[in-house]
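> Based on what follows, work out the 3D shape:
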Amino acid sequence: MQLSTRTVRNPIKLLLTGIIDLIYPPLCLNCEQRLNDNEDQLCDTCLDGFKLLGKVHDDFSVPGKIYINSAWALFDFDKAFQNLIHHLKYSRRRKPVQVVLNHYKKQILTQLPQNSIDYVISIPLHLRKLRERGYNQVDDMSHWLAKHLESEIGNHFVERTKYTQSQTQLNAAERQQNVTSAFAVKSDSEIMGKHILLVDDVLTTGATANALAQVLDAAGAARIDLITLSTPQKGST
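Sure, this is the predicted structure:
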């Protein structure tokens, strides 16, 4: 009997994987403890330990009009989730976010309106930032949401026209000024009358998302909502 190349390769691949895992065992991205065979990227203890917020977020610190109708921040931006976001943005570790979303799928989807969102749109990066990072850190989440909400991705309808400095060290007024005129809509006709869900990683003051929502509102969007992976809770350190 002649064995196929695939049949021969699989045991070799398994053997090599076993040797690599023995020398460099897979560790939890968060606590760095060794993962069990049924765990992926994050151990069950860390995965279960993320603090799901599960409520509408209404604490915006943006001066002036808010163009976002409803907002949800999924998890508390505590030290554990900060670590996850840091890996997502700066270490090219994208898969763990998918693991988190799938683990909390039911709780996430029960918060959101079903069968009414036309487009899911990632907060866009400036082309320069996109080249530096290599990807938009929230695109995977946008695609996950679009799939489960039976919506379409609308990233190609918007763009970031202004390269802005990091918002991290800015106060609310500076954040708003930093993102003023930072976004543009490429096709008003595609946005007119549509219900749009914006997606970002961290919600702090809401200035960035609101700046994009403003131009979408001007383009005729019927409703604009926002979902982010996390937000700092008042009093948290």
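
> pLDDT weak spots in the chain?
Within the chain, the segments meeting pLDDT under 70 span 1-24, 165-178, 234-237.

> mind redoing it with 50?
Applying pLDDT under 50 to the chain flags the ranges 1-8, 237.

> quick one, strands of it?
70-76, 119-122, 152-153, 158-160, 183-185, 195-202, 223-231 (DSSP state E).

> can you list the domains in the chain?
As recorded under automatic domain parsing, the domains making up the chain are 1-40, 50-231.

> Same list (those domains) but as CSV, adding mean neighbour count.
In short, each C-beta sits where N, CA and C put it, glycine included. Converted to CSV, these look like this (neighbours: other Cβ atoms under 10 Å):
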stretch, mean neighbour count
domain 1-40, 11
domain 50-231, 17
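
> For the strands of the chain, give me JSON lines that also has distance to Trp144.
JSON lines is the format used below for these (distance: least, Cβ to Cβ, whole Å):
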{"stretch": "strand 70-76", "distance to Trp144": "12"}
{"stretch": "strand 119-122", "distance to Trp144": "9"}
{"stretch": "strand 152-153", "distance to Trp144": "11"}
{"stretch": "strand 158-160", "distance to Trp144": "19"}
{"stretch": "strand 183-185", "distance to Trp144": "23"}
{"stretch": "strand 195-202", "distance to Trp144": "9"}
{"stretch": "strand 223-231", "distance to Trp144": "11"}
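
> Next, name the residue at the spatial heart of this structure.
The centroid of the chain falls nearest to Val138 when counting by Cα atoms, centre = their mean (3.5 Å).

> can you pull the contacts of that residue?
Ser122, Ile123, Val199, Asp200, Asp201, Leu229 (Cβ atoms under 8 Å, 6 or more residues apart in numbering).

> go again using 7 Å as the cut-off
Val138 is in contact with Ser122, Ile123, Val199, Asp200, Asp201, counting by Cβ atoms under 7 Å, 6 or more residues apart in numbering.

> and if you look at Gln41?
Residues near Gln41 by Cβ under 7 Å, 6+ apart: Leu29, Lys95, Pro96, Val99.

> Roughly how far does the residue nearest to it when sequence neighbours are not counted sit from Ile121?
Closest residue to Gln41 apart from its sequence neighbours, by Cβ to Cβ, 6 or more residues apart in numbering: Pro96 at 4.2 Å. Using Cβ to Cβ, to the nearest Å, Pro96 is found at 23 Å from Ile121.

> Next: Ala213.
For Ala213, the distance to Ile121 - Cβ to Cβ - is 10 Å.
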